[in-house]
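# just to be clear, the model below is a prediction. Sequence and coordinates:
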Amino acid sequence: AQSVTQLDSQVPVFEEAPVELRCNYSSSVSVYLFWYVQYPNQGLQLLLKYLSGSTLVKGINGFEAEFNKSQTSFHLRKPSVHISDTAEYFCAVTLAAGNQFYFGTGTSLTVIP
Amino acid sequence: ETGVTQTPRHLVMGMTNKKSLKCEQHLGHNAMYWYKQSAKKPLELMFVYSLEERVENNSVPSRFSPECPNSSHLFLHLHTLQPEDSALYLCASSQMTGFDEQYFGPGTRLTVT
């Protein structure tokens, strides 16, 4: 069975500091990987995705993530965060031949002025 | 209207009531989804429709009944709910099932009293 683990439920970080949100997955077959962001009172919005090719993926709002197959990880990073990055971040995986996404429990990022 | 819309945004209902949640997507997508989002839990996929046919049903209690009359509309009919059903219910759509990006609506905040 597939599962997604987001190791940090809450991450406080000062404005303009770098941040890394961790995501690990378990799967015996090839997967596709995603990061979504959820702002207060809104639905989820795609930040970036890895399907194939370069393991370093760049997304919107200056975020990037690196797929590490040997460590089964897909950590999200941003070199300098803004107040507006305060939100809930979800990692998700889906199988190549699957119908559904498996989401992590989310990481609440709080950017401190 | 653009994207994925959901109505109502908030709903309070008693355990003996019957209500329906509505989702509409304006993106021309062929797949639609219902998710349940509870605090500190992964998003739970409830139902998946592809081309108006249900393709996934993840052991959801029968007190939740989905309906997809066409590729743009998705309903979730609710009856005899329990307090533990209180959650944010998210609708999403994608071009096809599989690894296509899912676009989410803002959700319906349901409280069962």
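Here it is on my side, so go on.
# for the rest of this, base every contact and every neighbour count on C-alpha atoms.
Will do.
# helix or strand: which one has the most centrally placed residue in chain B?
Central residue of chain B (Cα atoms, centre = their mean): B:W34, 3.0 Å from the mean position. Per DSSP states H and E: B:W34 is located in strand B:31-37.
# rounded mean pLDDT for that strand, please.
Across strand B:31-37, pLDDT averages out at 94.
# and what of stretch A:20-39?
The average pLDDT for stretch A:20-39 rounds to 91.
# before we move on, the earlier item: give me the next element, helix or strand, following the strand holding B:W34.
Using DSSP H and E, the helix or strand that follows strand B:31-37 in sequence is strand B:44-50.
# just the mean pLDDT for that next one, thanks.
For strand B:44-50, the mean confidence score works out to 92.
# could you check how far B:N30 is from chain A?
Distance, B:N30 to chain A, using Cα to the nearest Cα, to the nearest Å: 13 Å.
# wait, doesn't that residue sit right on B:G98?
No - using Cα atoms under 8 Å, B:N30 is not in contact with B:G98; the gap is 11.6 Å.
# how near is B:T111 to B:Q6?
Shown here: B:T111 relative to B:Q6, a distance of 16 Å by Cα to Cα, to the nearest Å.
# higher neighbour count, those two?
B:Q6 (23 against 19; other Cα atoms under 10 Å in any protein chain shown).
# so what does the helix or strand harbouring that one touch, helix or strand wise?
Assigned by DSSP H and E, B:Q6 belongs to strand B:4-7. When contacts are defined as 3 or more Cα pairs under 8 Å, 6 or more residues apart in numbering or on different chains; DSSP states H and E, strand B:4-7 sits against strand B:18-25, strand B:87-94.
# neighbouring strands for the helix-or-strand element of chain B with minimal mean pLDDT, and are they parallel or not?
For chain B, using mean pLDDT, DSSP states H and E, the weakest element among its helices and strands is strand B:53-57, scoring a mean of 80. The pairing partners recorded for strand B:53-57 under DSSP bridges are strand B:44-50 (antiparallel).
# what bridges to the nearest residue to B:Y89 once chain neighbours are set aside?
With sequence-adjacent residues excluded and distances taken as Cα to Cα, 6 or more residues apart in numbering or on different chains, B:Y89 is closest to B:K36, at 4.7 Å. Residues in a beta bridge with B:K36, per DSSP bridges, are B:E44, B:Y89.
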